[in-house]
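> What would the 3D arrangement of this be:
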Amino acid sequence: MAGEVSKKIAHFEFITKEKNIYHPFVVFNNDAAIVSPEDIRRKWAIIAGRNRSRYISLYIHIPYCRNKKCNYCMYGSRIMKAQSELDCYLDYLNDTLEYFDTAFHGYEFANMHIGGGTPTLLDNSQLTRLFGLLAGRCSFRNNAMQTFEVSPSSVTRRKLATARGFGINRISIGAQSFNREALKQARRNYVPFENFEKLCGEIDGLGFETVNVDLIGGLPGDTPGEFRESFIKAASLGPSTITIYFFRFENSRYSKDVRSKAGYGWGEGAIRTFMDAVYDTAVTLDYVNESYSTERLYNVFARSDYVNRFEGYATRWEPGLSNSCFGVGIGARSFILDVVDIYDKGVHSLARYSFDEALKPENLSFGNTRYLVHFFDNRTRITNYFLREMYVNKSVSINSIKRIYKVDLTEYFREAFDVLSGLGKLSIENDRVSFVVKNEVEWGVYSKFFYDPETIERMTKSKPAERYISS
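Residues are numbered from 1 along each chain as shown. Model prediction:
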């Protein structure tokens, strides 16, 4: 038995390191169905029409970047060759929204997020057109949070004023870091801090209700001390919230050389040093995070006078909300509860499909669009939710799983629980199950004990293009 477990650990370590599969729930593309827009529209009509109070978010994807892609970014995008490309893409968004209009007619979305890529690459006339499309096709609840992501290098006061005029009430600024070296290694342009101060002054002057600044903890080239300075600078801008995302090598674009210098231990332990560097500082600067954890994928620090008004974002399935998300645009992800994942692939008839090819103007035709759809069976849903909660929060409530899925975790995963408990990598205390791991590698290795042999075999043989990460 001990020898068999040792062989599994060695094999799981190979999958984690050599296949770069640290994340606990990988999805295989060849499991997906290629589905027409008509089938997707039918599903959304049922979801939106059955219960008008159902929580559905709207996500608009603008998958374009200027000059280069940042190394830390895992999202699909295309380097913009000409401004006219965005006109073609807006035609595509218009056709998509028009097609799905009957499915969502009369429905009020709970919130909206416009992200990318770089949405502020749209010039003012293009932004006016985008917001006009949304105003004409989509309705929102009275208290809906409507977010517009902005890049300090491409946003202008005029663009902000246009967004505010169409009802955008939340601006999210992608700072990521104020450390020149970290930004250099990330292939991201350095923007002088004075530009951020000017930007925040303009945002405040235009009356936006909420301002968020994004930072990434643990970027190559950064240090805990420098990261603390980035947090202090972000706080000096006075945003409603500062969101800290944890850097992960998986799916990033950093070179093998950077990865080898950082070492495979660049995971939970390293992240903890960055978060510890800012936590006490945040308190002194009057920013509160009641759910702080170094094991979460992100931490939101809210200004103390704003904390009671912050409700979070529904960007993934949450059982308490029983929510869904309708994603619009090539590369956008939709999900219907925890049952269906849907990706807009654009034209799917290309001899050699690539995200960049799908976004070329000559291929931007909604009539040729197909969706990549995964339908999750009950076991996959339970495994995904259990591992996601363990990944995000380091522990999970046994009773919460029983309440949602009507199963007893200790029986459902008995073999994995017995093995990992015996190795000292899993603890059960009262109602909670917790992993006891040192770093991201151990997390990647021991989480694989919860997969069936067939899935492990497929991970072993798979190539990066054959799989994606589901959130």
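> so what are the domain limits for the protein?
When the chain is parsed into structural domains using automatic domain parsing, the resulting residue ranges are 2-28+393-466, 31-309.
> Just name the most buried of those domains.
The highest average neighbour count among the domains of the chain, using mean count of other Cβ atoms under 10 Å, belongs to domain 31-309 at a mean of 18. Where you see a C-beta, it was placed from the backbone N, CA and C, and this is true even at glycine.
> returning to what we had before: and of the domains of the chain, who's closest to residue 345?
Closest approach to residue 345 among those (Cβ to Cβ): domain 31-309, 8.0 Å.
> can you map out the helices along the stretch 301-450 of the chain?
355-358, 378-393, 398-405, 409-412, 414-422, 440-447 (DSSP state H, counting those that start in this stretch).
> Just send those helices back as a markdown table, with mean pLDDT and distance to residue 192 too.
A markdown table is the format used below for the helices of the stretch 301-450 of the chain (pLDDT from 0 to 100; distance: least, Cβ to Cβ, whole Å):
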| stretch | mean pLDDT | distance to residue 192 |
| --- | --- | --- |
| helix 355-358 | 84 | 31 |
| helix 378-393 | 84 | 35 |
| helix 398-405 | 93 | 47 |
| helix 409-412 | 94 | 51 |
| helix 414-422 | 95 | 50 |
| helix 440-447 | 85 | 34 |
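> Enumerate every residue touching residue 116.
By Cβ atoms under 8 Å, 6 or more residues apart in numbering, the contact list for residue 116 reads 61-65, 75, 77, 149.
> ditto for residue 222
With contact set as Cβ under 8 Å, 6+ apart, residue 222 has these partners: 177, 179, 181-182, 230, 274.
> I'd guess it is in a helix, am I close?
No: per DSSP: H, G, I helix; E, B strand; the rest coil, residue 222 lies outside any helix segment and is coil.
> backbone phi and psi for it, please?
The main-chain torsion angles of residue 222 are listed as degrees, to the nearest 10 and equal phi -100, psi 160.
> cool, and the one 5 residues further on?
Here the main-chain torsion angles of residue 227 (degrees, to the nearest 10) amount to phi -70, psi -40.
> Would you agree it is in contact with residue 217?
Yes: counting by Cβ atoms under 8 Å, residue 227 sits close enough to residue 217 to count as a contact (6.0 Å).
> joint contacts of the two?
In contact with both residue 227 and residue 217: 274, 278, using Cβ under 8 Å, 6+ apart.
> Now residue 359: closest residue in space that isn't a chain neighbour?
Here the nearest residue to residue 359 in space, its sequence neighbours aside, is residue 78; by Cβ to Cβ, 6 or more residues apart in numbering that works out to 4.3 Å.
> Show me which residues of stretch 355-370 are buried.
Going by neighbour count (16 or more other Cβ atoms under 10 Å), the buried part of stretch 355-370 is 358-361, 363-364, 366, 369-370.
> wait, stretch 365-385
Of the residues in stretch 365-385, 366, 369-374, 376, 380-385 count as buried by neighbour count, 16+ other Cβ under 10 Å.
> quick one: contacts of that stretch?
25, 27, 29, 31-37, 39-40, 92, 95-96, 99, 319, 338-349, 401, 404-405, 407, 412, 450-451, 470.
> Centre of the chain to that stretch, how far?
Once both centres are worked out by Cα atoms, centre = their mean, to the nearest Å, stretch 365-385 turns out to sit 16 Å from its chain's centre.
> now do the same end-to-end measure for that stretch.
Separation of the first and last residues of stretch 365-385 by Cα to Cα, to the nearest Å is 35 Å.
> Over to stretch 75-95?
Between where stretch 75-95 begins and where it ends, there is a gap of 23 Å, by Cα to Cα.
> ok so, going back, what two of the buried residues of stretch 355-370 are the furthest from one another?
Greatest spacing in the buried residues of stretch 355-370, by Cβ to Cβ: 361 and 370 (18.6 Å).
> What ranges in the stretch 201-350 of the chain fall below the confidence cut-off?
Flagging of the stretch 201-350 of the chain using pLDDT under 70 yields the residue ranges 250-251, 256, 259-271, 290-298, 307-316, 348-350.
> Could you rerun that using 90?
217-220, 245-277, 279-280, 288-300, 302, 304-323, 337-338, 341, 343, 345-350 (pLDDT under 90).
> mind listing the strands for it?
210-217, 241-246, 287-288, 298-303, 324-328, 333-336, 340-347 (DSSP state E, counting those that start in this stretch).
> so can I have CSV of the ones you listed showing distance to residue 153?
Listed next are the strands of the stretch 201-350 of the chain as CSV, based on distance: least, Cβ to Cβ, whole Å:
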stretch, distance to residue 153
strand 210-217, 14
strand 241-246, 19
strand 287-288, 26
strand 298-303, 23
strand 324-328, 25
strand 333-336, 26
strand 340-347, 27
